[in-house]
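> Give the three-dimensional model of this entry:
(chains A and B)
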Amino acid sequence: QKEVEQDPGPLSVPEGAIVSLNCTYSNSAFQYFMWYRQYSRKGPELLMYTYSSGNKEDGRFTAQVDKSSKYISLFIRDSQPSDSATYLCAMSGYGNAGNMLTFGGGTRLMVKP
Amino acid sequence: EAGVAQSPRYKIIEKRQSVAFWCNPISGHATLYWYQQILGQGPKLLIQFQNNGVVDDSQLPKDRFSAERLKGVDSTLKIQPAKLEDSAVYLCASSLDRTGGTGKLFFGSGTQLSVL
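Residues are numbered from 1 along each chain as shown, chains lettered A, B, ... in the order given. Sure, this is the predicted structure:
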């Protein structure tokens, strides 16, 4: 079993739809949770960053962390064609998780005009 | 602010040849990372430097991969000899965070390596 699981997709939605992207994880020592966006032939860029459980909103993006279920989500409202990319969840922590950032495999999102 | 610079962008070599990648991190970032990203997968950490010291190289195949970060700034990653399974994108990232644990990384565009 991988430490971080993410549905690879592709996920295809019409422009304006609400998108839900999810990851599950197994290591309870993870404390920091991130979403990175990666456009084709580019490096990942940090999109959302959350410490511990709870919600965080930034414009059209909302990140949710449920540590009791070991489940994190990224919601995109009013999706745009420019949101078409691969979304990578990532997490790190202290103790057993060390300082190493562990990525999910990524979900490819396609937003069609 | 200039981003993380990497070169070359693309490299095609034959198996058993050697190859080197170069990275210049964001100015002032103490922590530098090399990741390997195989097509369809998330990035996997190869090595992490803090200044010019190695913090984590547990997933670096040391029989063929080597990396150095001289003077705590630029870094090079070398593969010798290359194998077919080394075909991947090699990403360099840097972080202002000195502990490396908070995950706020800035990535370069990567070097796409094809081993034939």
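
> what pairs with residue 76 across the strands?
Because you didn't say which chain, this covers chain A. A:Val19, A:Phe61 (DSSP bridges).

> Chain B was what I was after
Going by DSSP bridges, B:Thr76 is paired in beta bridges with B:Trp22, B:Glu68.

> near chain B at all, stretch A:101-108?
Yes: against chain B, stretch A:101-108 shows contacts by CB under 8 Å from any CB of the partner chain at A:101, A:103-106. From N, CA and C alone the C-beta is placed, and that goes for glycine too.

> for stretch A:41-57, that is, sorry about that
Yes: residues of stretch A:41-57 contacting chain B under CB under 8 Å from any CB: A:41-46, A:49.

> between the residues you listed, which has the most around it?
Using other CB atoms under 10 Å in any protein chain shown as the neighbour criterion, A:Pro44 leads the residues of stretch A:41-57 next to chain B with 28 neighbours.

> That one against A:Gln38, yeah?
Yes: counting by CB atoms under 8 Å, A:Pro44 sits close enough to A:Gln38 to count as a contact (4.4 Å).

> intersection of neighbour lists for these two?
Taking CB atoms under 8 Å, 6 or more residues apart in numbering or on different chains as the contact rule, A:Pro44 and A:Gln38 both touch A:Leu88.

> sorry, back to before: sort out for me which of the residues of stretch A:101-108 next to chain B are in helices.
If you go by DSSP state H, these have nothing in helices.

> what's the closest of these to A:Leu11?
Taking CB to CB as the measure, A:Leu11 lies nearest A:Gly106 of the residues of stretch A:101-108 next to chain B, at 11.1 Å.

> Output the set of residues of chain A in proximity to chain B.
A:4, A:6, A:8, A:32, A:34, A:41-46, A:49, A:88, A:90-94, A:98-101, A:103-106.

> one more time with 7 Å
Within reach of chain B by CB under 7 Å from any CB of the partner chain, chain A has these residues: A:8, A:32, A:34, A:42-46, A:49, A:88, A:90, A:92, A:94, A:99-101, A:103-106.

> which of these count as buried?
A:32, A:34, A:42-44, A:49, A:88, A:90, A:92, A:99-101, A:103-106 (16 or more other CB atoms under 10 Å in any protein chain shown).

> Among those residues, which pair sits farthest apart?
The widest separation within these (CB to CB) is 24.9 Å, between A:Lys42 and A:Asn99.

> Nearest the geometric middle of chain B, what residue?
For chain B, the residue sitting closest to the mean C-alpha position, by CA atoms, centre = their mean, is B:Trp34 at 2.6 Å.

> picking that back up, I'd like the residues of stretch A:101-108 next to chain B written out as CSV, with pLDDT added.
Formatted as CSV, those follow (pLDDT from 0 to 100):
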residue, pLDDT
A:Leu101, 84
A:Phe103, 93
A:Gly104, 95
A:Gly105, 95
A:Gly106, 96
